[in-house]
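Colleague: need a 3D model of the following:
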Amino acid sequence: MIYAILKTIHVLSIIVWVGGMAFAHLFLRPAVAQLEPAVRLRLMHDVLGRFFKAVLVASLLALASGLWMLGRVAKQVVQSGGSFDMPLAWTVMTVLGVAMVAIFMHIRFALYKRLGRAVAASEWGAAGAALAQTRKWVLVNLCLGVLVVVVTLMRWSA
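Modeller: Predicted structure coming up:
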């Protein structure tokens, strides 16, 4: 039962995170591109602030639940006398998941802070540059997230 609960938390966290990145990158960003820089940058700062709070929780829940599920399976295999060999898909998910969390932390605690300082000071050029860097790293994380989903659904193994 606990495994099913953690798997549900894990999947829902990924949906919020990857789905939110897809929405922001593919739909929100192009829609606000026509706005004046001051309005666009303030709006994106506000939207990203709300989204990043949710992603902070979602990313940590996904990481913790994924590692817990992995550890539980490994423990059960070893306790039953077997030897645990992590499937390739799980290894890919784990490595990419940790990379995604690290990238998100850079986005949230470096780039978003830079954006916030520039917006607060009405330095629209600097804010635009910070938002452009954020967009690039969000795209990287979106691609990694999609790759994780593909690997998971394809159940690739060694």
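Colleague: please, which helix or strand holds the residue positioned nearest the centre of the chain?
Modeller: Centroid-nearest residue in the chain, with C-alpha atoms, centre = their mean: Trp17, separated by 5.0 Å. Applying DSSP states H and E as the criterion places Trp17 in helix 2-23.
Colleague: what about the next helix or strand after that helix, distance to the chain center?
Modeller: The C-terminal neighbour of helix 2-23 among helices and strands, as given by DSSP H and E, is helix 29-32. Distance of helix 29-32 from its chain centroid, counting by C-alpha atoms, centre = their mean, to the nearest Å, is 20 Å.
Colleague: quick check: mean pLDDT across the helix or strand that helix 29-32 is followed by?
Modeller: Downstream of helix 29-32, the next assigned helix or strand under DSSP H and E is helix 37-79. Average pLDDT, helix 37-79: 97.
Colleague: residues in contact with the most far-flung residue of the chain relative to its centre?
Modeller: Ranked by distance from the centre of the chain (C-alpha atoms, centre = their mean), the top residue is Gly81, with 36.2 Å. With contacts taken as C-beta atoms under 8 Å, 6 or more residues apart in numbering, Gly81 has no neighbouring residues. Yep, even glycine has a C-beta here, placed from its N, CA and C like the rest.
Colleague: what about it, distance to Ala89?
Modeller: Per C-beta to C-beta, to the nearest Å, Gly81 is found 24 Å from Ala89.
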